[in-house]
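> sequence and predicted structure, then a few things I'm wondering about:
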Amino acid sequence: MSIIDFFYPPFRKHMTIQFFRYGFTGAANVAFSLLLYFIVYNFVLKQQVLPLGLFTLSSHIASLAIIFPFSNFFGFLLQKYVTFTESELRGHVQLYRYFIIVFINLGINTIALKILVDGFHFWVTPSQTIATFFCILVSYFSQKKFTFKHG
C-alpha cells in the first residue's frame, strides 16, 4: 500500500485515503479487465462467435461473459487487501456480499441506461458515464458499510 499511498498527498484535501485507494484499485481493475477482454476477444475467440448448442453468443458478448468472473474476483481481492483491510468479516462472507453488490450495480447500470437512453434519448456514452459515476458511489458506500464492514 505504500506505493499507492505515495500518490495520495495531492488528493488529501479532496478525499479520504480509503476512497483514494478505492479509486486507484478500481482503475487498476479496469485496466486489467480491458487487457483481459482484448486477449479473450482477439486471441481466444479470434473475433468469432461462440456456439453454445441452442444459441450462439457474439464474440464481444462472449468475451464479456468469459472475463466477468475473473475481473470481478480480481476487484474483490484488491478491495479486500488494499482498500478495506480493517474488516474482520470472514473472506467467504465478504466474497458473497461483494458479488451481491456487483449484481446490484449491474441492475442499477442497466436501469440508468434504460432511463437515460431509452427514456430521455440521451447519447449512449455520456449516459454510461453518468451511470458509472453513480455506480461508483453506490459501490463504494456499499462495500464500506456492508461487504467489508468494520467493527
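Looks like it arrived, so ask away.

> domain ranges for the protein, per the record?
Domain segmentation of the chain under automatic domain parsing yields 1-85, 87-151.

> show me where the chain has strands.
50-51, 56-57 (DSSP state E).

> quick one, which of these gets closest to Phe19.
strand 56-57 (36.4 Å; CB to CB). Backbone N, C-alpha and C define where each C-beta goes, glycine included.

> got a markdown table for the strands of the chain, with mean neighbour count, mean pLDDT and distance to His92 too?
As requested, the strands of the chain are arranged in a markdown table below (neighbours: other CB atoms under 10 Å; pLDDT from 0 to 100; distance: least, CB to CB, whole Å):
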| stretch | mean neighbour count | mean pLDDT | distance to His92 |
| --- | --- | --- | --- |
| strand 50-51 | 13 | 93 | 31 |
| strand 56-57 | 14 | 90 | 30 |
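
> got CSV for those, with distance to Lys149 too?
Output for those, formatted as CSV (distance: least, CB to CB, whole Å):
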stretch, distance to Lys149
strand 50-51, 39
strand 56-57, 37
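
> ok, which of these comes nearest Leu137?
strand 56-57 (31.5 Å).

> any low-confidence regions in this protein?
Applying pLDDT under 70 to the chain picks out residues 1, 151.

> change it to 90
1-2, 57-62, 64-65, 109-110, 113, 117, 122, 124-129, 131-133, 150-151 (pLDDT under 90).

> helices of that one, residue ranges please.
2-6, 17-39, 59-78, 91-113, 124-142 (DSSP state H).

> if we compare the ones you listed, which one ends up closest to Leu45?
helix 59-78 (4.9 Å).

> wait, isn't Asn109 in contact with Cys135?
Yes - with contact defined as CB atoms under 8 Å, Asn109 and Cys135 form a contacting pair (5.5 Å).

> ok, back up a step: for Phe146, which of the strands of the chain is the nearest?
Counting by CB to CB, and looking across all of the strands of the chain, nearest comes strand 56-57 at 32.2 Å.

> quick one: strands adjacent to the closest one?
strand 50-51 (antiparallel) (DSSP bridges).

> name the residues that touch the partner strand?
Thr56, Leu57, Ser59, Ala62 (CB atoms under 8 Å, 6 or more residues apart in numbering).

> one more pass at 10 Å, please.
Val44, Thr56, Leu57, Ser58, Ser59, Ile61, Ala62, Ser63, Ala65, Ile66 (CB atoms under 10 Å, 6 or more residues apart in numbering).
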